[in-house]
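# Attaching a predicted model along with its sequence, questions to come.
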Amino acid sequence: MTRPTSHSLAACLAAGVLTTAACGGGATAPGGAAAGATTTVTLDGSSTVFPISEAVAEEFQKAHATIRVTVGISGTGGGFQKFCRAETDISNASRPITAKETEACAAAGVQFIELPIAYDGIALVANPKASWVDAITTAELKTMWAPEAQAAVTRWGQVRKGWPDRELHLFGAGVDSGTYDYFTQAVNGKEGASRGDFTSSEDDNVLVQGISSDELAIGFMPYAYYAENKAALKLVPVDDGKADNGAGPILPSVETVKGGTYQPLSRPVFIYVSVQALAKPEVVQFVDFYLKAGGALAEEVGYVPLGDKGYELVTAHYTGRKTGSVFEHAGSQVGLTIEQLLSRESR
């Protein structure tokens with residue numbers, strides 16, 4: 001199973017939609033049966049969740065030749081816009097749905113089921129030639145990324161004494177990305193609170209290319225994109241500055257993300273399923289398959305599975321058709337486990 005290269009992603013984004021046949025490594029049924037499919041399941045949204053949903057779609061289509069699955073990358077916010085206009089069956093999201101998005105869905109008569117499907121760690125990555133940065137604190141991240149840093153904190157030496165008096169080039173997720181929302185909440189204390197003078201993109205491959213080609217670059221992206229491009233990037237440990245845990249700088253990994261020690265940059269990621277779309281048998285088949293195979297496939301493409309208990313809770317949430325968001329529209333919340341998340345009552 002292969003993920004699209006940045007070149008193929010760009011071509012597919014220009015076309016407006018990704019399909020597993022055209023953009024997912026060619027994993028269609030033998031003989032190209034997917035090209036003659038009579039039914040379609042449509043997903044759009046987060047580029048963070050895209051590799052998981054793409055992997056699930058590829059495997060699903062091998063056993064369901066008459067069902068075509070399309071997976072778009074519009075960013076979490078862009079995906080919710082389409083979802084709440086009833087243009088898609090499922091929305092990929094790297095943060096919870098907001099109150100405004102929920103209201104848009106309600107106005108269009110779209111009910112939804114919120115399903116966590118994996119954990120992700122937001123990785124801090126630098127160019128390998130940036131030898132001076134071997135760890136960073138959350139306080140230093142705030143120094144870099146706070147709104148008041150715009151046009152003011154422009155050199156490495158302003159962030160930490162001893163770092164070089166050289167330009168600081170920042171890269172990160174675009175404002176329609178759930179990764180951007182979660183990162184700004186975790187680092188600056190409020191979603192969307194950030195300087196604006198950095199290189200941004202909803203396509204994480206663009207960030208990989210930018211950081212890997214710029215000696216003065218540092219930025220944030222989903223851990224899975226680092227893992228796939230680790231030869232070109234330098235992973236930077238993060239110290240949350242809490243003296244009581246004594247952990248010091250922590251690298252994201254399966255163990256630290258799932259165990260909750262990589263804080264505050266670990267998070268669950270989601271799919272949102274339209275209740276109305278579940279009237280279509282092909283959507284039911286796909287979601288059933290997603291919940292059964294998604295954990296193993298998430299791990300295969302670099303994400304952290306929820307564990308048996310986590311998937312049991314998610315499946316019960318789905319089969320019980322519990323609609324609404326358990327986040328109560330409070331936005332990204334740092335440090336929650338799946339057990340804590342699903343113990344809440346949905347609206």
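That came through, no problem.
# so for the longest strand anywhere in the chain, what's the average pLDDT?
Counting by DSSP state E, the longest strand found in the chain is strand 112-126. Confidence for strand 112-126, expressed as mean pLDDT, is 95.
# likewise stretch 39-58?
Averaged over stretch 39-58, pLDDT sits at 96.
# List the buried residues for that stretch?
Buried residues in stretch 39-58, defined by neighbour count with 16 or more other Cβ atoms under 10 Å: 41-58. Any C-beta I mention is one placed from the backbone N, CA and C, and that applies to glycine too.
# cool, and stretch 158-178?
Using 16+ other Cβ under 10 Å as the test for burial, stretch 158-178 gives 159, 163, 168-174, 176-178.
# quick one: secondary structure of the spatially most central residue of the chain?
For the chain, Thr48 is the residue whose C-alpha lies nearest the centre (Cα atoms, centre = their mean; 2.8 Å). What DSSP: H, G, I helix; E, B strand; the rest coil gives for Thr48 is coil.
# residues touching it, list them.
Listed by Cβ atoms under 8 Å, 6 or more residues apart in numbering, the contact set of Thr48 reads 76, 92, 94, 120, 177-179, 204, 222, 224, 269.
# 6 Å - rerun?
94, 179, 222, 269 (Cβ atoms under 6 Å, 6 or more residues apart in numbering).
# what packs against the helix or strand where the last one lies?
So that's Val269. Per DSSP states H and E: Val269 is located in strand 266-274. Counting contacts by 3 or more Cβ pairs under 6 Å, 6 or more residues apart in numbering; DSSP states H and E, strand 266-274 is packed against strand 90-93, strand 112-126.
# pLDDT of it, averaged?
94.
# Buried residues in stretch 258-270, which are they?
258, 262-270.
# Stretch 57-73 now?
Neighbour counts over stretch 57-73 (16+ other Cβ under 10 Å) mark 57-61, 64-65, 67-73 as buried.
# Strands of the protein, residue ranges please.
39-45, 67-71, 90-93, 112-126, 136-137, 169-173, 199-201, 217-222, 234-236, 238-239, 266-274.
# Dump these to a markdown table, plus distance to Gly294.
As requested, these are exported to a markdown table (distance: least, Cβ to Cβ, whole Å):
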| stretch | distance to Gly294 |
| --- | --- |
| strand 39-45 | 13 |
| strand 67-71 | 13 |
| strand 90-93 | 12 |
| strand 112-126 | 5 |
| strand 136-137 | 32 |
| strand 169-173 | 23 |
| strand 199-201 | 26 |
| strand 217-222 | 16 |
| strand 234-236 | 25 |
| strand 238-239 | 27 |
| strand 266-274 | 8 |
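# Out of these, which is closest to Gln150?
Gln150 lies closest, by Cβ to Cβ, to one member of these: strand 169-173, at 10.3 Å.
# Who are the packing partners of that closest one?
Applying 3+ Cβ pairs under 6 Å, 6+ apart, we find strand 169-173 packed against helix 204-212, strand 217-222.
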